[in-house]
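Undergrad: Need the 3D shape of this:
(chains A and B)
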Amino acid sequence: MKDKLLKKSKFLLEATLTSYSQIFFTENKILASILIVVSFIEWWTGLSGLIAVLTAIALAQLFDYSEITTEKGLYSFNALLVGLGIGTYFAPGLEVLLLIVAGAAIAFFSAVFFMGIFAKYGIPFLSIPFLVGMWLLLLAFPSFTNVALNMETLYPSNMYFKMGGDVLVSVMEGLSSFFEDTGFDTYFLSLGAIFFQFNILSGVLISLGLLIHSRVNFLLSLVGFFVAYGMYSYLGMYTGSLNYTYYGFNFILSAIAIGGYFLIPSRQSFLLSLLLIPVLVVTTIGSDRLFMYFELSAYSLPFNVIMIGVLYALKIRYDQTKGPILTLVHLKNPETNAYLFDSQPAKKYAAFTVPIRLPFMGKWTVNQAHNGKYTHKDFFRFAWDFIIKDEASSKEFSGEGLLVTDYYCYDKPVVAPALGTVVNVLNTVEDNEIGATNTLQNWGNTVVLQHENYLFSKLSHLKKGSIDVNIGDVVVEGQYIGKCGNSGRSPYPHLHFQLQGTSKIGGATLFWPLSEYLVDNVSKLNFVQKGIPKEQDTLLNISISPILQSAFKWSPGDEFQLSMANAFNKPVLFTIRNEIDIYNQSFLNCLNTNAKLYYENNGKTFSALNYIGSKKSALFYFYSSLYKVVLSEHSDLSVATRFPVHHLYRFPMLTIQDFLVPFGIFLKGNYNLSYIEPEQTFNSEKIELKSKIVGHHKVSLFSSEIVVHKNREINIHCDTSKKSKIILKWKNTLYA
Amino acid sequence: MNKRIYERPVLRKVVEGIPNKFGSLKRLRPISTIDNVEIDSLIEEYGSPVFVLSEKTIRDTYKNAYRAFSTRYPKVQFAWSYKTNYLDAVCRIFHQEGAWAEVVSGFEYEKAIDNNTPGNKIIFNGPDKSEEDLVKAINNKSIIHIDHFDELYMILGLTDQLKERPQVAIRVNMDTGIIPQWDRFGFNYENGEAWNAINRILSSKKMDFIGLHVHIGTYITISKPYAVAIEKLAALANKTYNRFQKSIGYIDVGGGFASQNTLQGAYMPATDTTPSFDDYAHAITTAMTAANFPNNETPTLILETGRALIDDAGWLAGTVLANKRLADGRRSMVIDAGVNLMFTSFWYDHEIYPVHESSYQSEPTTIYGPLCMNIDIVRKNIDFPMLNKGDHFVIKRVGAYTMTQWMQFITYRPNIVLIDQHEKVHLIRKQEDKEVFRRQELVPDYLQN
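TA: Numbers count the residues shown, from 1 in each chain, chains lettered A, B, ... in the order given. Take a look at the predicted model:
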């Protein structure tokens, strides 16, 4: 019972706090606390807001809506805004209390409704519910004769005197005179206006909260506001009007939304947020004049309209891999989003969830890539042609190349690029002689596989009669399908490979990256997590090492003992549990420190996705050492990727970088993993790896020597930048 | 105007029968260069006869072979069969290309180690492995292919004294429908010896059992025997897995791929009949892919190809010693290279060419070697142009077995040179001289003076 009560109150506290911070698109507790304090500068306004929040949370509970959504404050932040608005306009009283509850209810139900509609289009509902609630109440107000206006907020100095005596009054006046005519007074007033606090102190406190939460957001709030401010003067408008119309926050919020939240902070998103300001200015002025007819304020309408329009436009772009990139998972703050995105180049292909691999064995070369010079144009631009080349002569045939059998790729097996069902087979087209093409049966002998409802792959120009699968067969990745041939529009033997959206032979190509392949780079193999192979790339699939595969194969609930020792101390034991959350995201949870390492293991690579929590946990060193492990048995492989810089650097370097995120990421952390040839090729007892993280000027920030044992134990010797040596031992306690 | 070549009178038997539509080519085109290096200049510098190896051909052939298999099967490893040609330079070229070493004696094992082959990349085959050899192989973590029970017992006996666990596989022989059945090597499958050997190995718990080796014969171009062999090995692997929960790491299908040298008595020239690497690769990988190996694992495919990888890269250039007419009127020619250098002449019809045009006519000729032995016949009957004493000839495809099976008999063994990829010539084995033999021989005191 006590437990239940404790859990409930924790939930309530969480939901209330996030209702405040959610207005700035975050769940940051410090910012939330500052915002609560700010709202209570005028006690009645603050109380109204809180009552409205609690009302909305209570309604969400009553209707049994998702606790997680409620906890994120998504049902209640609009109610908060309505509550704050009512508190500002109307004097304290029981009647008004009723209005607050009613207003909160309107905001809550509108939120539910808009969430339902907008979710289909993948766009946020922002503060539209607030606008609905607020406008309805203000339109209804003249009929409520028992409700009085709140005089306190009209005469703020009186209010400050009541609250804090002379001191507060002089602080307030001091602040106003200090910032007078700098534009900053208007900036702070606009920030405060988001919480219906029309004083500079609130603005100062909120901007401080923003700075603590995110340097990027702080910077954007300034840039957004002052660009608009400049626009006002440029267009010949009275900038002082921003002081009493309180529209300034529209520019601040939209700069944060575009430059920081909905898009990954980058040069492009920064530029976009700047370009939108003039649009917003015009929308603001226009809507203000329109709403004057109804004796209403447009409030955040300009922000809502422009944001939703822009986000929808970005969302339905055909090519989502070009910047600016929409943020799919929101982390602590925008700079963290930017750092994590930067460290994982494959992330821009995150939407392409089905892994498609190379449809052959051994090393093949791309002869024609996307937008190729021969035939990969228009509908067929996202296709690849593969051939085999001799490494020494870089020719694709032996002898004179006048017979199909002279070509190295001819008659070589073609395999399924992923698990799928055979949906189309053509196996009767004669192979051409060299130089001849058959444009009547353009694609020649072809197999089409279906991998998903919307995703098909097509393998063409196969050898006549070589196809070994039938319509309806289920094929697994790597399964033999047919042989490379020279049928259809194929003057010389090659394999045409494309992804498409239909089962038709001859369907238009679909842009889709290939997953986890190796690029032959003279003496080294370079790993690509997801990418579009380019012309003349020589590629091969990964061959999996059973030792690495089983060492990183963990089931939810597995518990591990991770011991950490250095030369002097005796080992400290950490208990790590492998867990999986409701979003299907696997993570290792350090039970001692509650640090979490989010990871993905798709059978080909173990990739650390994010690390959250104390860096004192041994899990942090585990994370740094095994940031990206390709479960491969090629020892001439080199894995190179970037390591998130916010896990490598600290104040002040990191703070400077935080501010500069919209202009680029200048701190460096290059992670590299190399494989040491095993002593035993067959029946090997262990696999040795070496990883290092290198900063600017090749300064080593971290290095480790890793031994993965056949019994699934992992031993790691780490060298940190502080010259300390740490020894980690990883052991599954369930098997031991 | 050049001086016209003097043509001696020719005796030619009238051959009856129907010529094909192209007529019959009686003239052999001379071969005067190897990788653009003049053969005359090679003989001038390195003496006659001289073995010439082409590095470019070695590497090209290896790449072709590897590509044929690796684009058909995911895990492929070649092991260079040392006995085919264990010149250090040759072995090192193969090792550079990625081949492991396959050795069949302590001597070859030492050579492999000297060629910087890591111990774990040496496969130790054959029926003759001394205790000393085995100790070395076990300590170096080399892969030992056990041939018979006596060897198995010897290894078992050694395990008590050694720290390292022996890495072993067994060679299996079986009936795949191929005649002759090569049953003298390894353990028989049908009579249960192979299964018995596996049981002894794994029950001892003192060795790591890592693979299966089979070698079904040579010149096999149909998939069926490979399918049968690999199916039987897969059955053995499954049985092993069921009983010991131990899956095997590789299947070694041995070598035996034919070169393009024509066997004596063959109806068609080998260049037309010899299967290509692609043919072998197709047959073997099809069988490997079709077989069900335990635990859903894909064993590595090991190939110990020797002959087909090196034969084309070897040449033998020499000089005509004499021409003579035999009792029955046939022409014969004596050259300075015989069966002492080409043991392979006993079963191959080696292709021999003049270095320069000396005559547009050819005559059925018997070519003899220089030995004072009746059996020294290089070619029994070949239509050959008439060369004069001192003229040069060159023999194609002598890279395999010649330089390992040659005899020091009657005369010294000649220089061997390697033409590298930039067409530079390197001496890789010096010709023998009397010092070589003096060093080996001891004369008892009472025979001195």
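
Undergrad: pLDDT score assigned to whatever residue of the stretch 101-250 of chain B ends up closest to chain A?
TA: The minimum distance from the stretch 101-250 of chain B to chain A, using C-beta to the nearest C-beta, falls at B:G249 (3.0 Å). In this view, the C-beta of every residue, glycine as well, is placed from N, C-alpha and C. pLDDT recorded at B:G249 is 91.

Undergrad: Neighbours of the residue in chain A positioned nearest to chain B, how many?
TA: Shortest chain A-to-chain B distance, computed as C-beta to the nearest C-beta: residue-wise this is A:F682, at 3.0 Å. Close neighbours of A:F682, defined as other C-beta atoms under 10 Å in any protein chain shown, add up to 19.

Undergrad: So for it, what's the nearest residue that isn't a sequence neighbour?
TA: Among residues not flanking A:F682 along the chain, B:G249 sits closest, at 3.0 Å (C-beta to C-beta, 6 or more residues apart in numbering or on different chains).

Undergrad: how many neighbours does the one you found have?
TA: Close neighbours of B:G249, defined as other C-beta under 10 Å, add up to 23.

Undergrad: Show the contacting residues for it.
TA: Residues touching B:G249, when contacts are defined by C-beta atoms under 8 Å, 6 or more residues apart in numbering or on different chains, comprise A:681-683, B:210-211, B:299-300.

Undergrad: what's it sitting at in phi/psi?
TA: Main-chain torsions, B:G249, degrees, to the nearest 10: phi -90, psi -30.

Undergrad: ok, now how distant is it from B:K75?
TA: When distance is defined by C-beta to C-beta, to the nearest Å, B:G249 is 10 Å away from B:K75.

Undergrad: Overlap in contacts, those two.
TA: Common contact partners of B:G249 and B:K75 (C-beta under 8 Å, 6+ apart): B:299-300.

Undergrad: How is the chain divided into domains?
TA: Unless you meant another one, I'm taking chain A. According to the domain assignment given by automatic domain parsing, chain A is divided into the following structural domains: A:1-181, A:364-512, A:546-732.

Undergrad: oops, chain B please
TA: With automatic domain parsing as the reference, chain B has domains B:23-52+B:312-433, B:55-311.

Undergrad: mind checking which of the ones you listed is nearest A:L275?
TA: Among these, the nearest to A:L275 by C-beta to C-beta is domain B:55-311 (51.4 Å).

Undergrad: What is the end-to-end distance of that closest one?
TA: Chord length of domain B:55-311, first to last residue, is 12 Å (C-alpha to C-alpha, to the nearest Å).

Undergrad: now do stretch A:236-247
TA: Here stretch A:236-247 reaches across 17 Å from its first residue to its last, counting by C-alpha to C-alpha.

Undergrad: Okay, buried residues for stretch B:241-254 please.
TA: Buried residues in stretch B:241-254, defined by neighbour count with 16 or more other C-beta atoms under 10 Å in any protein chain shown: B:241, B:246-254.

Undergrad: can you redo those residues as CSV with secondary structure?
TA: As requested, the buried residues of stretch B:241-254 are exported to CSV (DSSP: H, G, I helix; E, B strand; the rest coil):
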residue, secondary structure
B:Y241, helix
B:K246, coil
B:S247, coil
B:I248, coil
B:G249, coil
B:Y250, strand
B:I251, strand
B:D252, strand
B:V253, coil
B:G254, coil
